[in-house]
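J.: Sharing a sequence plus its predicted fold:
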Amino acid sequence: MTEHSPTILFVDDEKPILDGLRRKLSDQDNRWRLLFATGGPAALDVMASEAVDVIVTDMRMPGMDGAALLEEVRHRHPATARFILSGYSQREAIFRTLGPAHQYFVKPCDTTTLVQALERTLLIRRKLGAPELLSVISGAKSVPAFPTALTELFDQLQSANGSAAEVARIISSDVGLTVQLLKFVNSAYFVTPTKVSDVLQAVRLLGFDLVRTLAVVAGVFDAFRVEGSGLEAIRRLGARSLMIGAVARRIAELEGMAQAEADQCQCAGLLSQVGSLILFSNRPGEMARLCRDLDSSGGEIVSAERAMFGASHQEIGGALLSLWGFSDTLVEAVLYHHRPSAGESAFSQRLGPVAVVHAAQHMVKPEPESAVEKEMWKAGLDLTYLADIGVAARIDAWAAEAAKIKDKCET
């Protein structure tokens, strides 16, 4: 274990449980620094003197339960990722009161599952290269750590035994979700041969990944109640997200990608603006000023956001999705959708969701007509990267398809 090894703190009021965790995770000692605390107050004492990357706590503890502990951690140490590991059976009741938790695991939890979740969370911190970015996310009071109203649906979508019929039942029990799902599946953003009016049919057409993504987008966008120009900005972001997702899917289909990967492209496109939502909702004045400055100067949004906030919307969105447990593929596509060449070679050297969403987010912008302006427009793409993976010659064909989708969706 090196001096800078990640630190993970486990909290439970029962020492035998902590001892069991210590034994199960003993083979991680060479790469992680594992700390253990008996109860909430003891955990806060540890964190007062130790920098903790991830805290994993039980829910039911005397005095200070897991929800209260994580709420304190959120305020005192906002950069720390927060997990619940509990045997408490009433999961829905927990989630309704557990805004401070990023992920929830049920005891007994398979050690491999827990280790993989910890690895994912630590990986995103290394990718971002700046733990303070997590503070922007975790410390933002108006951003839910998890879309709590959607817990039952998420449980089913993530279950190994999840069924389309059960997912449809859950959606049908919520008017808002039903409207959002049927509105989307019948919109120009998702092409179906006939009008769909049955929730079960919609779930089967879209698949679990896309249903889950739509649920997140609906839940997160609905969480923000902003008036005036702020509300209009949120609406534009929603429309932009849908457009990016639709264009990304069309590019994937045009290039002969498998349906599963086309689904991933659309999901990543839909989620690409989540980080912007956080900035608009928590720093509305600064974000409005930044947009005005960009409109007048024609500057580049990622650089401007980093200069003003210390993080861009793609970095904040990627970190948030990682904390919510989305797949690496989706996290990476959101994290690098403006500059894919900044990604690691393992996922950046082929045409996949990273490249597709990068192209889609650019092609929803108006394409100029003159040759000179069109070349300047193309320069907004990571052309070196697209050439390296052999798709630079496809830009015009993609742009033509994007134009058709925009025309159809705007009419």
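T.: Okay, I see it. Because the structure is predicted, anything quoted here is derived from the model rather than measured.
J.: Can you list phi and psi of the closest residue to residue 313 other than its chain neighbours for me?
T.: Sequence neighbours aside, residue 275 is the residue nearest to residue 313 in space, at 3.4 Å (criterion: Cβ to Cβ, 6 or more residues apart in numbering). Every residue, glycine included, has its C-beta placed from N, CA and C. Dihedral pair for residue 275: phi -60, psi -40, per degrees, to the nearest 10.
J.: same deal with residue 35?
T.: Taking degrees, to the nearest 10 as the convention, residue 35 sits at phi -120, psi 150.
J.: confidence score at the closest residue to it other than its chain neighbours?
T.: Nearest residue to residue 35 in three dimensions, chain neighbours excluded: residue 9, at 4.5 Å (Cβ to Cβ, 6+ apart). For residue 9, the model assigns a pLDDT of 96.
J.: I'd like to know how far residue 387 sits from residue 83.
T.: 42 Å (Cβ to Cβ, to the nearest Å).
J.: Between these two, which is the more surrounded one?
T.: Taking other Cβ atoms under 10 Å, residue 387 and residue 83 do not tie; residue 83 has more neighbours (24 against 11).
J.: Who are the packing partners of the helix or strand containing that one?
T.: Using DSSP states H and E, residue 83 maps to strand 81-86. Applying 3 or more Cβ pairs under 8 Å, 6 or more residues apart in numbering; DSSP states H and E, one finds that strand 81-86 contacts strand 54-57, helix 66-76, strand 103-106, helix 111-128, helix 132-138.
J.: repeat that for 7 Å
T.: strand 54-57, helix 66-76, strand 103-106 (3 or more Cβ pairs under 7 Å, 6 or more residues apart in numbering; DSSP states H and E).
J.: Check these for me and report the most buried one.
T.: strand 54-57 (a mean of 24; mean count of other Cβ atoms under 10 Å).
J.: Go ahead and name everything in contact with it.
T.: Outside strand 54-57, the residues that touch it by Cβ atoms under 7 Å, 6 or more residues apart in numbering are 8-11, 43, 66, 69-70, 73, 80-85, 118, 121.
J.: For it, C-alpha coordinates in PDB please.
T.: C-alpha atoms of strand 54-57 as PDB (Å, rounded to 0.1, in the frame of the first residue of the first chain):
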ATOM      1  CA  VAL A  54     -15.600   6.500   0.600                       C
ATOM      2  CA  ILE A  55     -17.700   5.800   3.700                       C
ATOM      3  CA  VAL A  56     -19.700   2.600   3.900                       C
ATOM      4  CA  THR A  57     -22.200   2.500   6.800                       C
END
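J.: Name every strand pairing with it and say which way it goes.
T.: Strand pairing for strand 54-57, determined by DSSP bridges: strand 7-12 (parallel), strand 81-86 (parallel).
J.: Can you say which of these is packed in most?
T.: strand 81-86 (a mean of 25).
J.: what is the orientation angle of it with helix 111-128?
T.: 170 degrees (axes from the mean of the first three to the mean of the last three Cα atoms, to 10 degrees).
J.: average model confidence for strand 81-86?
T.: 82.
J.: ditto for stretch 318-338
T.: Rounded mean pLDDT across stretch 318-338 is 78.
J.: Same check on stretch 382-396?
T.: Rounded mean pLDDT across stretch 382-396 is 90.
J.: buried set for that stretch?
T.: Within stretch 382-396, the residues that qualify as buried are 382, 385, 386, 389, 391, 395, counting by 16 or more other Cβ atoms under 10 Å.
J.: isn't residue 342 right up against residue 336?
T.: Yes - shown here, residue 342 and residue 336 form a contact pair, counting by Cβ atoms under 7 Å, at 5.7 Å.
J.: Just the C-alphas of the helix or strand encompassing residue 386, formatted as PDB.
T.: Element membership for residue 386 (DSSP H and E) is helix 383-388. What follows is helix 383-388, C-alpha atoms only, in PDB (Å, rounded to 0.1, in the frame of the first residue of the first chain):
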ATOM      1  CA  LEU A 383     -11.100  16.100 -35.800                       C
ATOM      2  CA  THR A 384      -7.700  14.500 -35.000                       C
ATOM      3  CA  TYR A 385      -9.500  11.900 -32.800                       C
ATOM      4  CA  LEU A 386     -12.200  11.200 -35.400                       C
ATOM      5  CA  ALA A 387      -9.500  10.800 -38.000                       C
ATOM      6  CA  ASP A 388      -7.500   8.400 -35.800                       C
END
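J.: Cool, thanks, signing off.
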